[in-house]
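Participant: fold the following for me, if possible:
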Amino acid sequence: MAKVAAGRVRLPNGTARWVLGFALDVRPVSNGDWLRFMQATRAATPPWMYRPGWEEPDQPVVGVTQAEAEAFARWARKCLPSEAQWQRATSTATYPWGEKAPTVAHAVYGRHPGKGRLQAAPEGGLRQLGVGPYGHRDLVGNIWERLQGGVARGGFWGSADPRCELRLVIGANERSAGVGFRCCR
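Facilitator: Predicted coordinates:
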């Protein structure tokens, strides 16, 4: 986890909020993290976890529901970040690293599913140039990140241009190969 300083944020809907300081996971929750959770709690296996290309321990876990993500967070003695907290961790710029357009050294993006089956998977490697202002990695691209309140932020491996402002409304029971999460405290 890395600390995020208190400060004011402007959300995509234009509202401004003050966010107290908090700590946020440096990277999204991985398959390896989820495996430890499954072993400790008998939680279900997410649908993509053992598919070829998606099974590496360092890859972000994907395909979890809101309730499953929240259960993991409680088990880890954390919670899912609010949208304001996630925004505070990214910066006030277009991208967490500033205004420079992304390259493959910044984020995993621009990959597309193949004919009827997914041919792209989130990566376990963390992009060095894509680090946010507080040291967090993969805040945009790679996976959408589930937050409190049924939203996800940051785009995913299939996004054409992952930006801090990207926002997805996602159903509580919806599962997606492009959606994972990270926790805060």
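Participant: center of the protein - which residue?
Facilitator: In the chain, the C-alpha nearest the mean C-alpha coordinate belongs to residue 145, at 3.0 Å (CA atoms, centre = their mean).
Participant: that residue touches residue 151, doesn't it?
Facilitator: No: in this structure, residue 145 is not within contact of residue 151 by CB atoms under 8 Å, at 9.4 Å. No exception for glycine: its C-beta is placed from N, CA and C like everyone else's.
Participant: sorry, back to before: so who does the residue nearest to the centre of the chain touch?
Facilitator: Applying CB atoms under 8 Å, 6 or more residues apart in numbering to residue 145 gives the contacts 28, 86, 139, 152-154, 179-182.
Participant: so which strand or helix has it?
Facilitator: For residue 145, the enclosing helix or strand under DSSP states H and E is strand 144-146.
Participant: ok, and the closest non-adjacent residue to residue 128?
Facilitator: residue 105 (7.0 Å; CB to CB, 6 or more residues apart in numbering).
Participant: so the one you found versus residue 96, what's the distance?
Facilitator: 13 Å (CB to CB, to the nearest Å).
Participant: what of residue 72?
Facilitator: In terms of CB to CB, residue 72 sits 23 Å off from residue 96.
Participant: in terms of neighbours, single out the busier of these two.
Facilitator: In this view residue 72 and residue 96 are compared by other CB atoms under 10 Å, and residue 96 has more residues nearby, 26 against 23.
Participant: any idea how far residue 79 is from the more buried one?
Facilitator: 21 Å.
Participant: before we move on, the earlier item: which neighbours do residue 105 and residue 96 have in common?
Facilitator: Counting by CB under 8 Å, 6+ apart, the common neighbours of residue 105 and residue 96 are residue 130.
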